[in-house]
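*Asks:* only geometry, no sequence info:
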């Protein structure tokens, strides 16, 4: 399977500088940035993308997203067919120059996890943006870190799934600092 990589850390661009429909990519700071197909979608996303980029710049973080295919997520029951989008592997990483070792005073230097975009975005050939990843991570980091509390808050689910939700929330809380978690919650 061919892997497609792109790094989300680019300076905002004017609408005129973005590729036209049908082109597949543009270069930005040496990283491949996949182009959006519709200019109106780009215009709508500009403020959101700026908030996400400001967060990344402020905290010395980068996001790497690798396409992994269209496999259904493990929580999908697969009875009606897969109703989710494409699967990506996301890595959020702290600036190596600033933090040096693999473990810092703030916690791990990077965190990786699977990310599924929406079915709609998959059909529109839209890739996840930094905003998509950060708002999802921010929301998931607010989940309880105890499986029993997850069941209480989110309702009936398999205990194994509740454990995974709690474990992922703990991983996010261990990676991000308190200030980063607060700033994540302000991205809207």
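*Replies:* All right, it came through fine. Only a predicted model underlies this, so the values are computations on that prediction, with no experimental measurement involved. Numbering: from 1, shown residues only.
*Asks:* need the contact list for residue 70.
*Replies:* 82, 85, 86, 87, 122 (C-beta atoms under 8 Å, 6 or more residues apart in numbering). (Each C-beta comes from the backbone N, C-alpha and C, glycine too.)
*Asks:* this structure: strands as residue ranges?
*Replies:* 5-8, 25-28, 31-34, 61-69, 87-94, 103-104, 107-108, 110-116 (DSSP state E).
*Asks:* mind listing the helices for this structure?
*Replies:* If DSSP state H is used as the criterion, the helices of the chain fall at 39-59, 96-99, 119-123, 130-141, 147-154, 159-175, 178-185.
*Asks:* so for residue 110, which of those helices sits nearest?
*Replies:* Closest approach to residue 110 among these is made by helix 159-175 (8.0 Å; C-beta to C-beta).
*Asks:* where does the protein dip in pLDDT?
*Replies:* Low-confidence segments of the chain (pLDDT under 70): 1-45, 74-82, 96-107.
*Asks:* I'd guessed residue 72 sits against residue 114; true?
*Replies:* No - between residue 72 and residue 114 there is no contact under C-beta atoms under 8 Å: 11.5 Å.
*Asks:* re the thing from before, quick one: closest of the helices of the chain to residue 66.
*Replies:* Of all the helices of the chain, helix 130-141 sits nearest to residue 66, with 12.2 Å by C-beta to C-beta.
*Asks:* in terms of secondary structure, what does the closest one contact?
*Replies:* Contact here means 3 or more C-beta pairs under 8 Å, 6 or more residues apart in numbering; DSSP states H and E; on that basis helix 130-141 packs against helix 39-59, strand 61-69, strand 87-94, helix 159-175, helix 178-185.
*Asks:* can you do 6 Å?
*Replies:* helix 39-59, helix 159-175, helix 178-185 (3 or more C-beta pairs under 6 Å, 6 or more residues apart in numbering; DSSP states H and E).
*Asks:* report the inter-axis angle for that helix versus strand 61-69.
*Replies:* 90 degrees (axes from the mean of the first three to the mean of the last three C-alpha atoms, to 10 degrees).
*Asks:* ok, and for helix 130-141, which residues are buried?
*Replies:* Using 16 or more other C-beta atoms under 10 Å as the test for burial, helix 130-141 gives 130, 131, 132, 133, 134, 135, 136, 137, 138, 141.
*Asks:* ditto for stretch 157-168
*Replies:* Buried residues in stretch 157-168, defined by neighbour count with 16+ other C-beta under 10 Å: 162, 164, 165, 166, 168.
*Asks:* can you name the residues that contact the closest residue to residue 159 other than its chain neighbours?
*Replies:* Of all residues not flanking residue 159 in the chain, residue 147 sits nearest, at 6.4 Å (C-beta to C-beta, 6 or more residues apart in numbering). Residue 147 is in contact with 162, 163, 166, counting by C-beta atoms under 6 Å, 6 or more residues apart in numbering.
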